[in-house]
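[1] Structure for the following, please:
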Amino acid sequence: MSDYQDSCSMTPPMSPVNFPIQLEEDDVPVKKLHIDEEPCNDLPACFCCLGQVNPLDHDATHTDGHLRRRTLERLLHGSDPDFSSFQTTTCELFGYQFTTQLALQEMMDKLFLFARQQIGKLENMRGEQFGVGHPEDFMAIRHNICTFLEYIKVYVCRYVNDNQWDDFVTKLCQQLHVMLLYIGRLSELPPHILGNGASRHGNMCPSSAYHVFHLHLDIHWAVLEIVHLVTSRHQGVSGSVCWCHYADGETGEDVFSQCVQLLMWDLLLLAINRHSQISLLEYAKTSPLHCTCIRELWILLIHLLDYRHDHMGKDSFWITLDQALQYVVQERVCLEETTDAELDSDVSPLPPSYQCASPTGFCWWLTTHLAPLYFYTSTGEYNRDNKIKGNYMFVVQSLLKALVSGNSRQNEASMRCYLKCCLSLSEIWEPEMDVLHILWEHFYKRLNDQFQTTGLGLQGLAKVSKTALAWVDVCKRRCRDHSGIEQDNSFYLFLRLLGVHLGRQSKGGATHGWRQMKGRFYSKFHQRRMQELTETGLYNFSSLFLTLALIGDLEDVAGKMGDLYDMLKFESLDHARRAMVWKGAFSMLLLRVENGSDISVYADRLVQGFSAVCWEFSQKVEDPSRRHQLWSLLNIYLDSTQDIFEASERLSCSEHKLLGSAFAQVLPACSENELRSVLTFLQMIMARHRSIYKRAMYQSQGLSTAHQVYPAQQYRGKYLQASDVSKSGIVDGSSGISCPAVQR
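    Residues are numbered from 1 along each chain as shown. Predicted coordinates:
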């Protein structure tokens, strides 16, 4: 007999004529359990816990959960929820036999009554000790309810006729609403249930609190599945049903959006409760998700809402979440607190009453932990290569702008924490220049700030590189990985964000972002602004340009940095700023030498300042503090020049121009220790030339004449010149100790 003929059959249902008002325990047979020791696929999928969430553990879901059982995949493809179930004429629900094709249509009230009785039975079950019992008994009740909810999904897909649709859907939505009202809000469960809701033992957990908590998850997700099936088949289903009401008078467009809002607010409130128990330093290590089943539920919501957005034109996951988080950020109170009007007890007010000590911090924390869930597929597999959807609209408009606004400016500790969250999001989302625009407008005004914070010990202090080489290494590490991020202040974190966004665009071949940001950076610096920079300001300024040089156009950035340094009169600078300018200039020279670019123009500028310092030092200054300052400048010059010679592979970038004639003025005025430092420097220069000479000689002997190789005799001549200079202890700039390039 066909399905249509069966649906019109006059055969009465095989269920009892009179149903008992109350079910006894023995009336419901114990089914084969869906537990860890004996997983079985002939029973409906249900949430099975793996314990508390570890953000670094990507094994998010149990094999018997909704994702691994592919129930979500079937739901999104519009397939039958379970092909193998409810295929016979009769089916068993709550221990009774019903006609499969007629039971829900004709006995909906009775079936939902049985479901509510089973829910109450689980909530009232107690063992010898409070809340402890046999997991088989708990799971029997959960499976009775999950089987019934699965039957509803199957019935909607198979057996509802178009002629019956409107009345059936209206009645079904009413019953689902009554069920949700009966179990209450997920976030309003007693503390002992929420506190014991997670268990690594999964469905073998003997705690009734665990099973009550996960039964609520089972019901909430199943109701959302059913409402999706109803609204996806007939999108006109709305809205005479009112499940929730916002404080501003808005309601959901349809019953599905209302159901989603109710569930999402419950999940948000659970996360808000956890947020109140952690500090800023625990944001990265502590998840806002109570257990792996809550994480699975968020993943299910992501895929379902994005599917409806792509195929039905509804709000996506991020848009739906943003609408709720706007209430949190703006700290808007619930409807109960804004009106004296009598409210319908069946309509849930949104947002519900809650307390959040730091709304902005909560939103950063939650968004940072929810974004990686996009790496999970609809079958629960974690794939880091997935291209995921970002949510910069909310991050930029609601979080970043609020972070740097004058009215709600955060302290340094909060800024560090939130920018780390932003950095985590930027790594998995596509680059977005608006992030850099907003942060740059904040930081360029504060280049002279120390960006220090109290309460963090040594971590609260800014770290200043002692040498040009160390400075370059720090900037490279910021652009390469996240090592040392815990010691970074908020400005250094901004530089990391700069490396992530501009660096990824440059690697992708896009240059419009670089051109746009370059103009914004350059336009902020002029002569008056450069003269206002303190030692700290110059360090931050130089760190910015070194970062830009590493991720952008090195030649352009180096030229602009040199021009801006020229706006500072070196003679009028104090000692600390002189030292900072020299270290910054040498750091840029190191990058140019590593890139194989000529440094003659920049070397000439440095030599002028070096000559002035050498002349003053040679006057045998009597003030010990002034002499110490001059020698520290000379020491910076010697160490930085040595680093450049050691970094250069062929000494073909005009490195010799750094060896000015002013050395002749320094040597007679040096003390014994100072003279030892100068001679050690000269010895290193000679050793470097000797090494280049030997390599050139070996190459000329080992390669054929077809290769263009500079003759070793040329290096020998340069080496002899340098040797003569070393013996005399004076380096003459006219000696021209330069090395032609060597073909490698």
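
[2] for residue 266, what are its contacts?
    185, 186, 187, 220 (C-beta atoms under 8 Å, 6 or more residues apart in numbering). Just so you know, the C-beta spots here come from the backbone N, C-alpha and C atoms, and that holds for glycine as well.

[3] After the strand or helix carrying it, which helix or strand is next? Please name it.
    For residue 266, the host element (DSSP states H and E) is helix 255-275. Following helix 255-275 in sequence order, the next helix or strand is helix 292-312 (DSSP H and E).

[4] between that following helix and helix 255-275, how many degrees?
    150 degrees (axes from the mean of the first three to the mean of the last three C-alpha atoms, to 10 degrees).

[5] What distance do you get for the residue nearest to residue 595 when sequence neighbours are not counted to residue 560?
    Counting by C-beta to C-beta, 6 or more residues apart in numbering, residue 554 is the residue found nearest to residue 595 once chain neighbours are left out, at 5.7 Å. Using C-beta to C-beta, to the nearest Å, residue 554 is found at 11 Å from residue 560.

[6] Any chance you could list what contacts stretch 411-418?
    280-281, 283, 358, 360-361, 364, 399, 403, 410, 451-453, 455-456, 460, 488-490, 493.

[7] Pass me the low-pLDDT residue ranges in this protein, would you?
    Scanning the chain for pLDDT under 70 picks out the ranges 1-42, 60, 126-131, 235-241, 246-253, 332-345, 406-409, 455-463, 508, 702-744.

[8] hmm, back to that, any idea how far the helix holding residue 266 is from the chain center?
    21 Å (C-alpha atoms, centre = their mean, to the nearest Å).

[9] Show me which residues of it are buried.
    Within helix 255-275, the residues that count as buried by 16 or more other C-beta atoms under 10 Å are 255-275.

[10] before we move on, what about stretch 428-440?
    Buried residues in stretch 428-440 (16+ other C-beta under 10 Å): 428, 429, 431, 432, 433, 435, 436, 438, 439, 440.

[11] Check stretch 64-72 too.
    Across stretch 64-72, burial judged by 16+ other C-beta under 10 Å covers 64, 65, 66, 67, 68, 69, 71, 72.

[12] how close does the fourth one get to residue 85?
    Noted for residue 67: a distance of 19 Å to residue 85, by C-beta to C-beta.

[13] Next: residue 331.
    47 Å.

[14] who has more neighbours, these two?
    residue 85 (18 against 10; other C-beta atoms under 10 Å).

[15] Look up phi and psi at that one.
    With angles defined as degrees, to the nearest 10, residue 85 shows backbone torsions of phi -100, psi 150.

[16] Tell me if I'm right that it and residue 157 touch.
    No. Using C-beta atoms under 8 Å as the test, residue 85 is too far from residue 157 to be in contact (11.5 Å).

[17] Verify the contact between residue 522 and residue 560 for me.
    Yes. Residue 522 is within contact range of residue 560, at 6.0 Å (criterion: C-beta under 8 Å).

[18] gap between the two ends of stretch 267-281?
    When the termini of stretch 267-281 are compared using C-alpha to C-alpha, to the nearest Å, they are 23 Å apart.

[19] and it, how far from the chain's centre?
    17 Å.

[20] Stretch 482-495 too?
    15 Å.

[21] how about it: buried residues?
    485, 488, 489, 490, 491, 492, 493, 494, 495.

[22] And stretch 631-641, by the same measure?
    Buried residues in stretch 631-641, counted by 16+ other C-beta under 10 Å: 631, 633, 634, 636, 637, 638, 639, 640, 641.

[23] Quick one: residues contacting residue 605.
    So residue 605 contacts 562, 565, 566, 585 (C-beta under 8 Å, 6+ apart).

[24] Excluding chain neighbours, what is closest to the second one?
    Yep, that's residue 565 we're talking about. The nearest residue in space to residue 565 (C-beta to C-beta, 6+ apart) is residue 581, at 5.8 Å.

[25] now do the first one
    Spatially, and ignoring its direct neighbours in sequence, residue 562 is nearest to residue 602 (5.7 Å; C-beta to C-beta, 6+ apart).

[26] tell me which residues in the one helix or strand that neighbour maps to are buried?
    Element membership for residue 602 (DSSP H and E) is helix 600-618. Residues of helix 600-618 classed as buried: 602, 603, 606, 607, 609, 610, 611, 613, 614, 616, 617, 618 (neighbour count, 16+ other C-beta under 10 Å).

[27] The second one touches residue 654, doesn't it?
    Yes. With contact taken as C-beta under 8 Å, residue 603 and residue 654 are classed as touching, separated by 6.1 Å.

[28] So which bits of stretch 200-207 are buried?
    202, 203, 204, 205, 206, 207.

[29] now stretch 205-217
    205-217.

[30] Okay, and which of those residues map to strands?
    Among the buried residues of stretch 205-217, no member falls in strands (DSSP state E).

[31] between those residues, which is nearest residue 424?
    Closest approach between the buried residues of stretch 205-217 and residue 424, by C-beta to C-beta: residue 217, at 27.0 Å.

[32] quick one: contacts for the closest one?
    Neighbouring residues of residue 217 by C-beta under 8 Å, 6+ apart: 47, 186, 293, 294, 297.

[33] right, and the fourth one touches residue 263 too?
    Spelled out, that is residue 294. No. The pair residue 294 / residue 263 is not scored as a contact, 11.2 Å apart, by C-beta under 8 Å.

[34] What's the local residue count around residue 696?
    Number of residues near residue 696 (other C-beta under 10 Å) recorded here: 25.

[35] and if you look at residue 77?
    10.

[36] From residue 660, how far off is residue 318?
    Counting by C-beta to C-beta, the gap from residue 318 to residue 660 is 60 Å.

[37] So those two - more neighbours on which side?
    Neighbour tally, residue 318 and residue 660, criterion other C-beta under 10 Å: the higher count belongs to residue 318, 24 against 21.

[38] Which strand or helix spans the more buried one?
    Per DSSP H and E, residue 318 falls inside helix 317-329.

[39] From residue 599, how far out is residue 570?
    From residue 570 to residue 599 the distance is 18 Å (C-beta to C-beta).

[40] Same drill for those two, tell me which one is more crowded.
    Per other C-beta under 10 Å, whichever of residue 570 and residue 599 has more neighbours is residue 599, with 22 against 17.

[41] Quote the end-to-end distance of stretch 176-192.
    Across stretch 176-192, the terminal residues are separated by 26 Å (C-alpha to C-alpha).

[42] just how off-centre is it within its chain?
    32 Å.

[43] What of stretch 530-543?
    On C-alpha atoms, centre = their mean, the centre of stretch 530-543 falls 30 Å from the chain's centre.

[44] So which bits of that stretch are buried?
    Using 16+ other C-beta under 10 Å as the test for burial, stretch 530-543 gives 530, 533, 534, 535, 536, 537, 538, 539, 540, 541, 542, 543.

[45] List the ones among those that fall in helices.
    For the buried residues of stretch 530-543, the ones inside helices are 530, 535, 536, 537, 538, 539, 540, 541, 542, 543, with DSSP state H as the criterion.
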